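[1] have a look; sequence and predicted model below, questions after that.
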Amino acid sequence: MSIVIKAINSNDNNLKKAFVKFPINTLYKDCPFYVPPLISDELESLDTKKNPAFDFCEMQLFLAYKNDKIVGRIAAIINHRANEIWNKKQGRFSFVDFIDDNEVVEALFSAAEKWLKEKGMDTIIGPIGFTDLDPEGLLIEGYDKISTMATRYSYPYYKTQIERLGFEKDADWNEFYIPIPAHTPERHQRIATMIGERYGLKLLSFHNFKQVTPYVSKLFKCLNKAYEPLYGFSALTQHQIDYYVKKYVPLLRWDVVQIVIKEDTDEVVGFGVGIPSLSAALIKSRGRLFPLGWFQLIKALKSKNNKTVDLMIMGILPEYQGKGVNAMIFNGFIPSAYKSGFRFAESNPELEMNNKMQSLWDGFEATNHKRRRAYIKKFR
């Protein structure tokens with residue numbers, strides 16, 4: 001039978017739920033490496049009234065049907081702020097999943113590309129979400145590794161199918177798996193002390209949210225400056241910052257949050273934020289908080305039996321990059337994380353071209369165990 005493509009109306013909550021649940025309940029149901037997102041979080045991110053990215057983004061969702069069964073999905077997105085900043089007319093594809101069927105893949109991408117062309121776009125890139133803090137990049141290496149909660153797994157045939165449609169590499173990200181040493185390497189301790197004294201910097205550690213509250217907005221100001229030159233980035237608005245604080249702060253363990261400030265101004269010049277790995281808990285919950293999903297997540301967040309910490313975000317002001325601020329962050333993070341029972345850290349995707357970020361793992365027994373790719377295709 002022919003493939004049927006359905007465009008989802010923004011108010012059609014039933015089809016949105018089907019869109020979100022397709023990879024969780026069907027496509028990756030028996031895949032041991034797939035980490036399902038929370039269904040509630042996915043639905044919220046697609047809600048034009050709840051996700052602040054819709055202040056400057058447009059989106060159209062599509063589902064593919066074959067024999068009356070869902071066999072694929074894709075989201076077409078336009079980030080108008082990013083296009084204005086980078087002087088582009090780029091559309092994005094995201095939330096892309098499909099069975100290994102040429103007709104299904106062609107129909108999905110054709111629908112997304114047609115919508116973007118009608119909106120005046122001349123290029124499509126992806127998989128890229130609404131913003132840089134959404135999952136980005138297609139898994140192209142590391143298919144036998146479990147994903148982190150901030151990334152998405154994909155079968156090897158995705159790469160083959162997408163490249164068959166004429167997409168080419170636009171950017172790659174690397175992910176690293178790092179054993180946490182029992183003590184901070186002497187070199188990092190020495191550099192941390194020297195840099196702190198030279199530039200008047202101080203490392204802050206925290207025990208609760210009340211202590212970090214004065215630095216939240218300063219941290220995001222630092223993030224916006226640090227990430228400004230990175231691939232496809234557009235500075236987070238205050239609306240987005242408030243949204244991410246509410247969404248992610250409850251997941252934080254303060255023993256893996258480090259902030260470096262300029263002592264005389266209290267300005268945040270660098271930071272590192274981690275959370276205990278929630279991958280195993282999310283696999284057990286199958287994307288649902290109830291009835292027992294919440295228990296699995298709380299257990300993963302609080303238990304000392306969780307040996308892996310995900311390094312969610314790290315940033316250093318451009319004028320302090322390459323000067324050793326990372327050594328100060330590690331000098332606080334390593335002993336604190338080890339004392340809390342963590343033995344491994346897993347980085348989230350780091351741009352291949354970002355040499356300063358890649359060099360952070362020099363001196364550690366880091367393994368580049370996954371790679372992701374953003375593709376690009378010019379419209380004819």
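    Now that the structure is in, tell me what you want to look at.

[2] going forward, measure contacts and count neighbours with C-alpha atoms only.
    Fine.

[3] dump the residue contacts of residue 99.
    Taking CA atoms under 8 Å, 6 or more residues apart in numbering, we find residue 99 in contact with 27, 71-72, 105.

[4] how close does residue 316 get to residue 177?
    In this view, residue 316 and residue 177 are 21 Å apart by CA to CA, to the nearest Å.

[5] more neighbours, the two?
    Using other CA atoms under 10 Å as the criterion, residue 316 and residue 177 rank with residue 316 on top: 26 against 19.

[6] what sits against that one?
    Taking CA under 8 Å, 6+ apart as the test, what residue 316 contacts is 222-223, 226, 269-271, 325-326.

[7] so what's it closest to, chain neighbours aside?
    residue 270 (4.1 Å; CA to CA, 6 or more residues apart in numbering).

[8] kindly report the same for residue 257.
    Distances taken as CA to CA, 6+ apart place residue 273 nearest to residue 257, at 4.6 Å, with adjacent residues excluded.

[9] what helix or strand is the one you found located in?
    Using DSSP states H and E, residue 273 maps to strand 267-276.

[10] helices or strands next to the strand or helix carrying residue 16 in the packing?
    According to DSSP H and E, residue 16 maps onto helix 13-21. Packing partners of helix 13-21 (3 or more CA pairs under 8 Å, 6 or more residues apart in numbering; DSSP states H and E): helix 39-45.

[11] send the alpha carbons of the helix it packs on over as PDB?
    The C-alpha coordinates for helix 39-45 follow below in PDB (Å, rounded to 0.1, in the frame of the first residue of the first chain):
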ATOM      1  CA  ILE A  39       6.600  11.300  27.500                       C
ATOM      2  CA  SER A  40       5.400  14.300  29.500                       C
ATOM      3  CA  ASP A  41       8.600  16.200  28.700                       C
ATOM      4  CA  GLU A  42       8.300  15.500  25.000                       C
ATOM      5  CA  LEU A  43       4.700  16.600  24.900                       C
ATOM      6  CA  GLU A  44       5.600  19.800  26.700                       C
ATOM      7  CA  SER A  45       8.400  20.600  24.300                       C
END
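
[12] helices and strands around it, which ones?
    Contacts defined by 3+ CA pairs under 8 Å, 6+ apart place helix 39-45 against helix 13-21.

[13] mind listing residues that contact the helix it packs on?
    For helix 13-21, using CA under 8 Å, 6+ apart, the contacting residues are 8, 39, 42-43, 63, 73.

[14] which residues touch residue 374?
    125-128, 136-138, 169-172.

[15] which secondary structure state is assigned to it?
    In three-state terms, and counting by DSSP: H, G, I helix; E, B strand; the rest coil, residue 374 is strand.

[16] what's across from it in the sheet?
    With DSSP bridges as the criterion, residue 374 is bridged to residue 171.

[17] follow-up on the earlier one: among the contacts of residue 99, name the ones in helices.
    Assignment to helices by DSSP state H places the following of the contacts of residue 99 there: residue 105.

[18] of the contacts of residue 99, closest to residue 302?
    When those are ranked by distance to residue 302 (CA to CA), residue 27 comes first, at 31.1 Å.

[19] and the closest one, how many residues sit next to it?
    Burial measure for residue 27: 19 neighbouring residues, criterion other CA under 10 Å.

[20] what's the pLDDT at it?
    Per-residue confidence (pLDDT) for residue 27: 98.

[21] can you check residue 1 too?
    As predicted, residue 1 sits at a pLDDT of 60.

[22] residue 311 now?
    Per-residue pLDDT puts residue 311 at 92.

[23] same thing with the one 4 residues further on?
    Residue-level confidence at residue 315 comes out at 93, pLDDT.

[24] and the helix or strand hosting it with strand 267-276, angle?
    Following DSSP H and E, one finds residue 315 within strand 308-316. Using axes from the mean of the first three to the mean of the last three CA atoms, to 10 degrees, one finds that strand 308-316 and strand 267-276 are set 160 degrees apart in direction.

[25] the following helix or strand past strand 308-316 packs against which elements?
    Counting by DSSP H and E, the next helix or strand C-terminal to strand 308-316 is helix 325-339. For helix 325-339, the elements it packs on are helix 186-199, strand 201-205, strand 257-262, strand 267-276, judged by 3+ CA pairs under 8 Å, 6+ apart.

[26] which among the ones you listed is found nearest to residue 94?
    That would be, of these and by CA to CA, strand 267-276, which comes in at 24.7 Å.

[27] for the chain, which segments are assigned as helices?
    With DSSP H as the criterion, the chain has helices at 13-21, 39-45, 80-86, 102-118, 156-164, 186-199, 209-212, 216-227, 238-248, 279-285, 293-302, 325-339, 355-358.

[28] worst-scoring helix or strand of this protein, pLDDT-wise?
    Least confident helix or strand of the chain, by mean pLDDT, DSSP states H and E, is helix 355-358 with a mean of 71.

[29] before we move on, back to that, the contacts of residue 99 into CSV, with extra columns for distance to residue 230?
    Converted to CSV, the contacts of residue 99 look like this (distance: CA to CA, whole Å):
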residue, distance to residue 230
27, 32
71, 34
72, 30
105, 30
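
[30] from the contacts of residue 99, which land in strands?
    Among the contacts of residue 99, the members found in strands (DSSP state E) are 71-72.

[31] in stretch 47-64, which residues are buried?
    Buried residues in stretch 47-64, defined by neighbour count with 16 or more other CA atoms under 10 Å: 47-48, 51-54, 57-64.

[32] how far does that stretch stretch from one end to the other?
    For stretch 47-64, the end-to-end distance is 21 Å (CA to CA).
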